[in-house]
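Novice: Structure of the sequence below:
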Amino acid sequence: MITDDMRAIVQVAHLCFAATVTPDGKPNLSPKGTIRVWDDRHLFFLDIASPGTRANLEHNPWMEINVVDQLSRRGYRFFGRASVLREGPVHAEAIRRVFAQEGHTYPVNGVVLIEVQRAEPLVSPGYAHIATEVEMREAWRTRRAALDREFEAYLGAAGPLSRRTSLPGTRS
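Specialist: Coordinates of the predicted model:
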């Protein structure tokens, strides 16, 4: 089910957007920065600060995860049933894998393991006017550099976010 290409996209992206449903039927979309492939049928991410996702999965275990490589503008939609693991060998090994790759540790509330039942490609409509993935990646490297310069200028004026400050538009 999880192909080599899917593995490569998950590995390079390291960020996904996980969709769950609240107990009152509303959608909930949450970014997850620790998405990894567990094996040929499962993905996982660490629950670092996801009380809403955790509560939603306890009510309804179905979720969809979107993973997209920003430069290639392509990725995958993974749909399946999730389990929240708070202990055991899968819990311990998942945390070990992520910490080994990242080179540091932090508190983890659990591991979300998703049994992938369906996977579908996501491909940008930009490929209608950009012929190859190589060209797409080069175009977005150039665009990304311009966007980074623009945001760096904003941070220079507004000041960067830190542990002691809250996001603009939010309360402390």
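Novice: And the average pLDDT for the host helix or strand of Ala100 is what?
Specialist: Of the helices and strands defined by DSSP states H and E, Ala100 is found in helix 89-102. Confidence for helix 89-102, expressed as mean pLDDT, is 97.
Novice: What is it packed up against?
Specialist: Contacts defined by 3 or more C-beta pairs under 8 Å, 6 or more residues apart in numbering; DSSP states H and E place helix 89-102 against strand 36-39, strand 42-47, strand 110-123. C-beta coordinates here come from the backbone N, C-alpha and C atoms, glycine included.
Novice: Of all the ones you listed, which one is nearest Asn60?
Specialist: The closest of those to Asn60 is strand 110-123. By C-beta to C-beta, the value is 13.4 Å.
Novice: Model confidence score at Met1, please.
Specialist: Looking at Met1, its pLDDT reads 89.
Novice: typed the wrong thing, it's Glu135
Specialist: What the model reports as pLDDT for Glu135 is 97.
Novice: separation between it and Pro23?
Specialist: 46 Å (C-beta to C-beta, to the nearest Å).
Novice: Of the two, give the one with the bigger neighbour count.
Specialist: Glu135 (13 against 10; other C-beta atoms under 10 Å).
Novice: Find the one among the helices and strands packed on helix 89-102 with the highest mean neighbour count.
Specialist: strand 42-47 (a mean of 24; mean count of other C-beta atoms under 10 Å).
Novice: That one: partners in the sheet, and parallel or antiparallel?
Specialist: Neighbouring strands of strand 42-47 in its sheet, by DSSP bridges, are strand 36-39 (antiparallel), strand 110-123 (antiparallel).
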